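Trainee: any chance you could fold what I've pasted below:
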Amino acid sequence: MTAARTFAWAWSLGWTLLVLPLSLALLRGRAPAWVRRRATPRMIRMRGVGGLILWASAVTSAVFPLAGARTDAWYPVRTLAGPVAVIAAIALVLVTDVAERRRRGKALPTSQ
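Mentor: Next comes the predicted model:
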């Protein structure tokens, strides 16, 4: 087993063990008390969805080389699963956060 394959397995395993359970817990609405005081249930669920998108993106980028997929043939899928998915997850969480804050009438935090 080469170092690249070992890293790909470790990368997939690490993301699966760390991010997947947290994302599923957030998706079900389970969060620590300090998170529940600051966020609405909708925001907590959207953070779970964003975490699942990030997990899928990270695991997909590691699985393609393990599966032996040629880089050229799968370039559009790798692009969608890579940076586009990360940007989509971040945008989903940010848009939900801003919408919930506007709905509740709280001002957005600003730097001083």
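Trainee: run the chain-centre distance for the helix or strand of the chain with the lowest mean pLDDT.
Mentor: Every helix and strand in the chain was compared by mean pLDDT, DSSP states H and E; the lowest is helix 75-79, with a mean of 76. Taking Cα atoms, centre = their mean, to the nearest Å, one finds helix 75-79 lying 18 Å from the centre of the chain it belongs to.
Trainee: list the helices and strands it packs on?
Mentor: helix 41-67 (3 or more Cβ pairs under 8 Å, 6 or more residues apart in numbering; DSSP states H and E). Heads up, the C-betas are built off the backbone N, CA and C, glycines and all.
Trainee: tell me which other helices or strands the helix it packs on touches.
Mentor: Counting by 3+ Cβ pairs under 8 Å, 6+ apart, helix 41-67 packs on helix 3-27, helix 75-79, helix 85-104.
Trainee: can you give me the buried ones in that helix?
Mentor: Neighbour-count burial for helix 41-67 flags 43-62, 64 (criterion: 16 or more other Cβ atoms under 10 Å).
Trainee: mean pLDDT for the helices and strands packed on helix 41-67: which is lowest?
Mentor: Among those, helix 75-79 carries the lowest mean pLDDT, a mean of 76.
Trainee: in that one, which residues are buried?
Mentor: Arg78.
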